[in-house]
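Colleague: build me a model from this:
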Amino acid sequence: MAPSGPTLNGLRAALQEDASFARVRTNASRRVADRSTDLEIGAPTGLRAALLAEMVDGLASASNDDDGAPVVVAVTATGREAEDLAAALRSYLPASGIEEFPSWETLPHERLSPRSDTVGRRLSVLR
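Modeller: Numbers count the residues shown, from 1 in each chain. Purely as a prediction, here's the structure:
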């Protein structure tokens with residue numbers, strides 16, 4: 001299933017010429033037992049969505065048909081970074097497969113409950 005709207009998959013194809021970028025998908029495509037256990041990836045913000053899309057596609061090609069789609073969790077420092085990353089990922093992957101897990105919007109020591117719509121969105125993403 002292709003992403004809806006404009007895509008940047010041509011950029012991913014061009015990046016495949018870089019050996020480091022290509023290794024990301026190659027490693028993700030391997031069986032779990034054959035993957036590197038010490039893989040660290042550092043990339044500028046603009047390249048993160050393309051790298052995550054490579055990982056997702058590599059994991060999808062390595063999974064069995066009955067496993068379903070791979071689940072990849074990307075952790076960001078702020079909600080704004082999460083929104084930006086999700087928007088960028090929609091240029092590479094189907095939008096229906098990208099979800100944002102909202103923050104509680106309250107601090108642990110506060111005696112406030114999170115908003116009900118926030119709780120609902122979090123449960124929806126986990127489901």
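
Colleague: report how many residues lie close to the spatially closest residue to L8 that is not a sequence neighbour.
Modeller: Residue nearest to L8 in three dimensions, not counting chain neighbours: S91, with 4.5 Å by CB to CB, 6 or more residues apart in numbering. Glycine gets a C-beta too; all of them are placed from N, C-alpha and C. S91 sits with 18 neighbouring residues when counted by other CB atoms under 10 Å.

Colleague: secondary structure class for S91?
Modeller: coil (DSSP: H, G, I helix; E, B strand; the rest coil).

Colleague: my guess is it contacts G46. True?
Modeller: No: the criterion here is CB atoms under 8 Å, and S91 misses it with G46 at 11.4 Å.

Colleague: any weak-confidence spans in the protein?
Modeller: Scanning the chain for pLDDT under 70 picks out 1-6, 64-68.

Colleague: in it, which spans are helices?
Modeller: Counting by DSSP state H, the chain has helices at residues 9-15, 19-29, 45-62, 79-89, 116-126.

Colleague: separation between the residue of the chain most remote from its centre and A74?
Modeller: Residue farthest from the centre of the chain, counting by CA atoms, centre = their mean, is R111 at 32.7 Å. As judged by CB to CB, to the nearest Å, R111 and A74 stand 31 Å apart.

Colleague: what does A62 give?
Modeller: Relative to A74, A62 is positioned 19 Å away (CB to CB).

Colleague: now swap in S103 and tell me
Modeller: S103 is 14 Å from A74, by CB to CB.

Colleague: those two: who's more crowded?
Modeller: Between S103 and A74, counting by other CB under 10 Å, A74 is the more crowded of the two (16 against 12).

Colleague: distance check, the more buried one against A33.
Modeller: 24 Å.

Colleague: V24 too?
Modeller: Per CB to CB, V24 is found 18 Å from A33.

Colleague: can you check N9 too?
Modeller: According to CB to CB, N9 stands 30 Å off from A33.

Colleague: what do you get for L8?
Modeller: L8 sits 33 Å away from A33, going by CB to CB.

Colleague: what about those two, which has more around it?
Modeller: L8 (16 against 5).

Colleague: many thanks, I have nothing further to ask.
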